[in-house]
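# build me a model from this:
(2 chains)
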Amino acid sequence: MIFLLARGVTEFARQNLPLLIGAGAWITFVERVGLQQVTVGALLLLLFAALLTLIYHRRFRFRLEEDVLRVQKGLVRQVELKVEISRIQRLAVEQPVWMRPFNIVRLSLDTPGGITTEVELPGIPRQLAEAFRTQLSSRLDQQPETLAQDSDTTPLFVITPVALTLHGLSSNSVYILLAAISPFLRPLEDLIRRQIEQPDQPPWLQHLAESPVLAGSALLAGLFVLLLAASVLTAWLRYYGFTLTSARGQYAQHSGLLNRREQTLSADRLQAVDAVQTMLGRALGRHYLICRQYGGGAASDQAGANFLIPGLDRNTMEALTRRFLPGLDLPAPLLRVHTYYRRVIALRVGIVGALLGGGLGMWYGHPGWLAVSATAVALAWPIGYLRWRTVGWAATPGHLIVRRGLIGQRSTLFPVERVHAVLVRQSWFQRRHGVASLQLTLASGPVVIPYIEADTVARLADRVLYRVESQERRIMNQEPTHQWTGD
Amino acid sequence: MTFSNAQLHPAELPALADIQLQPVADGYARYRLLHALLVWIPALILLSLLPTQGPWPGLLPLIGVWGLVGLGPLYSALTWLEARRRAYALREHDLIYRSGLFVQRTRILPVARIQHVETVSGPLERLFGLVRLNCFTAGGSSGDLLLAGLDAATAAQVRDYLLQRVEPGPAPDHIPPDD
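Predicted coordinates:
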């Protein structure tokens, strides 16, 4: 119950942060409210929260029946959730550091219905969670569509400290941290400026104050190093001891320094695999993989809902990708899209930048804004070229691979049978030049191959539809049919 | 159980290019034209009544007046043309819908991927006897297919067929379109 209370309070604080900040500001400015009143108010609120948590705890019930997990919960409105076990696509067991002395864990599971159907069992004994997971695995084994893969418990991948550090350096946590601290940069700058302008500072600091360029560079370098260190620390906290195993058609990962997390993914629920290389990852030769499931497209890569395998070198990344997508033939190099694509991108960047700069110049009546137009026009072609160069695609007999990205790169690899809808898009420019764009929608989100020959698009669409529709017919009739022989 | 494993040549696959698409109902273009006028004209009238303040006094009312006399009819005409070009086809295993004037989109949805089907019609659509058929998939909004511009009888037929394919079993005799 204490953990439920702690979680409830932190969740409330996280979701109502602006409200809390506003209340804090109000208390600060209203003189009649003193420390005593605030303490009494906080204690009353805490008492109220404890009462609600007690009711929630007493009403929370769960039971694993024949093939259904039943959960009853709710404060005012009682909700009963029934989750069909065969529909579970991801199961996660987390043990935050404060739960460790009590040997209890938090168990959560996802179904293809999206986040609203996520079920969480907060604070159950570890043995119960283990028994629950074993029971789920044995039930899943009985499902006819479950892959009968090996039950070898030898890890598929174990992260090394070097790989973990490199993942921290190359992950996008740097930008997330930068965005998080950006509101504090200005006050921090003012504070540092005031400090170094004090007369009794050491000589090197006074020298720094006399040279703004040097001071700015030192500040930026220091900030960058700090962010990198924070990013590495985040990676160590999140992925320390990362181990990937496979058993009975399920993949499992264990990781975490303080908060221990275990995730399970059903192999037959896997929709697509994203192989990602960030800008720093390209320099350090590091990749990470994300196994996409139903509805997993909206969450960011580092979000807990995603099955992410960090700190991979190229060979390991390719080997694991082949493991996740059996029968995948990785072609090298990928095909490029038509050169009209770079022309269109360059034109878009140039025109939008020129109009933006010109418009702002006219609005403010300052010719300096025209520099924006000039920069956009100058950068339009290089940007168009780089965008075009990084887009690539390949169609193997059973899979499709689509790569995109300007600075970092992301390749989506998926079995053709996983496609849910096909969209062929042709603008008047594309029709005139005999090219088209193909959008393939997966359960995890859409994938677009822009600007390829219209004939190729038509052939590819026909082939994808044939594979999807013949596969569905085969599943429905339980009868093998024709085999595609490839282009 | 008979087993077949015949080799197929890519040219033998059913081709999208060979499909004869059926245009949507005649009333759809008229509905879209009326809809465009009902949305566009009040918006431009409001724009022309805006106060004449700001860096360029009178610019917004000017845009409103010119929009009213020039862009309004152009927008309506384009909407009408686009609606007339919309077409669809129902194959044994998929549903195809083409839309767009300058950017043409052909969306193909395999019937086996449909989770459920919904028919919707607003008051203005009912005036023209039109129904929208919304086919939902597990792929999210980008995977769904909205087939607009069907007359009520055709929409019911298509819906019955799709429902019969999605859940194999006896098809209902007739399901009247939703109000």
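
# switch to C-alpha atoms for all contacts and neighbour counts from now on
Will do.

# would you state the strands of the stretch 201-350 of chain A in chain order?
A:243-247, A:250-255, A:260-266, A:272-277, A:287-292, A:307-312, A:335-336 (DSSP state E, counting those that start in this stretch).

# could these go into JSON lines alongside mean pLDDT?
Listed next are the strands of the stretch 201-350 of chain A as JSON lines, based on pLDDT from 0 to 100:
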{"stretch": "strand A:243-247", "mean pLDDT": "88"}
{"stretch": "strand A:250-255", "mean pLDDT": "88"}
{"stretch": "strand A:260-266", "mean pLDDT": "85"}
{"stretch": "strand A:272-277", "mean pLDDT": "93"}
{"stretch": "strand A:287-292", "mean pLDDT": "92"}
{"stretch": "strand A:307-312", "mean pLDDT": "91"}
{"stretch": "strand A:335-336", "mean pLDDT": "92"}
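
# for those, which one sits closest to A:Leu465?
The closest of these to A:Leu465 is strand A:272-277. By C-alpha to C-alpha, the value is 17.4 Å.

# mind giving me the domain split of chain A?
Following automatic domain parsing, chain A resolves into domains at A:2-59, A:166-239, A:338-386.

# just checking, what packs against the longest helix along chain B?
Counting residues, the longest helix found in chain B (DSSP state H) is helix B:27-48. Here helix B:27-48 touches helix B:59-66, helix B:72-85, helix B:123-127, strand B:145-151, going by 3 or more C-alpha pairs under 8 Å, 6 or more residues apart in numbering or on different chains; DSSP states H and E.

# return the most buried member of the ones you listed.
Ranked by mean neighbour count, those are led by strand B:145-151 with a mean of 23 (mean count of other C-alpha atoms under 10 Å in any protein chain shown).

# relative to that strand, what are the paired strands and their orientations?
Here strand B:145-151 has these sheet partners by DSSP bridges: strand B:130-137 (antiparallel).

# who touches the partner strand?
Contacts with strand B:130-137, where a contact means C-alpha atoms under 8 Å, 6 or more residues apart in numbering or on different chains, come from A:420, B:25, B:27-28, B:113-121, B:125, B:143-152, B:155, B:159, B:177.

# filter the residues you listed down to the buried ones.
Burial by neighbour count, judged by 16 or more other C-alpha atoms under 10 Å in any protein chain shown, picks out A:420, B:25, B:27-28, B:113-114, B:117, B:119-121, B:125, B:143-152, B:155, B:159, B:177 from the contacts of strand B:130-137.

# now the angle from the top helix by length along chain A to strand A:250-255?
If you go by DSSP H, chain A has its longest helix at helix A:212-239. Interaxial angle of helix A:212-239 relative to strand A:250-255 (axes from the mean of the first three to the mean of the last three C-alpha atoms, to 10 degrees): 130 degrees.

# where does pLDDT dip in the chain?
No chain was given, so I picked chain A. A:1-33, A:112-118, A:137-153, A:196-197, A:199-200, A:205-206, A:208-209, A:295-305, A:472-487 (pLDDT under 70).

# let me rephrase: I mean chain B.
Along chain B, segments meeting pLDDT under 70 span B:1-14, B:50-61, B:139-141, B:167-179.

# give me the domain ranges for it.
If you go by automatic domain parsing, the domain ranges for chain B are B:27-82, B:87-166.

# chain A versus B:Pro73, what's the distance?
B:Pro73 is 22 Å from chain A, where distance means C-alpha to the nearest C-alpha, to the nearest Å.

# contacting residues for that residue?
Taking C-alpha under 8 Å, 6+ apart as the contact definition, B:Pro73 lies against nothing.

# next: the one 10 residues further on.
When contacts are counted by C-alpha under 8 Å, 6+ apart, B:Ala83 touches B:28-29, B:32, B:99.

# what does A:Ala272 give?
So A:Ala272 contacts A:291-293, A:412-415, A:442, A:444 (C-alpha under 8 Å, 6+ apart).

# which residues does the closest residue in space to it that isn't next to it in sequence form beta bridges with?
Nearest residue to A:Ala272 in three dimensions, chain neighbours excluded: A:Phe414, at 4.5 Å (C-alpha to C-alpha, 6 or more residues apart in numbering or on different chains). According to DSSP bridges, A:Leu400 are recorded as the beta-bridge partners of A:Phe414.

# which residues sit in contact with A:Phe414?
Listed by C-alpha under 8 Å, 6+ apart, the contact partners of A:Phe414 are A:271-273, A:325, A:399-401.

# 6 Å - rerun?
By C-alpha atoms under 6 Å, 6 or more residues apart in numbering or on different chains, the residues touching A:Phe414 are A:272, A:399-400.

# could you do B:Leu101 as well?
B:Glu82.

# which SS class is it?
Secondary structure, DSSP: H, G, I helix; E, B strand; the rest coil: B:Leu101 is coil.

# next one: phi and psi at it?
Main-chain torsions, B:Leu101, degrees, to the nearest 10: phi -110, psi -60.

# residue numbers of chain A in contact with chain B?
Contact residues (C-alpha under 6 Å from any C-alpha of the partner chain) of chain A with chain B: A:420-428, A:441-443, A:462, A:481-482.
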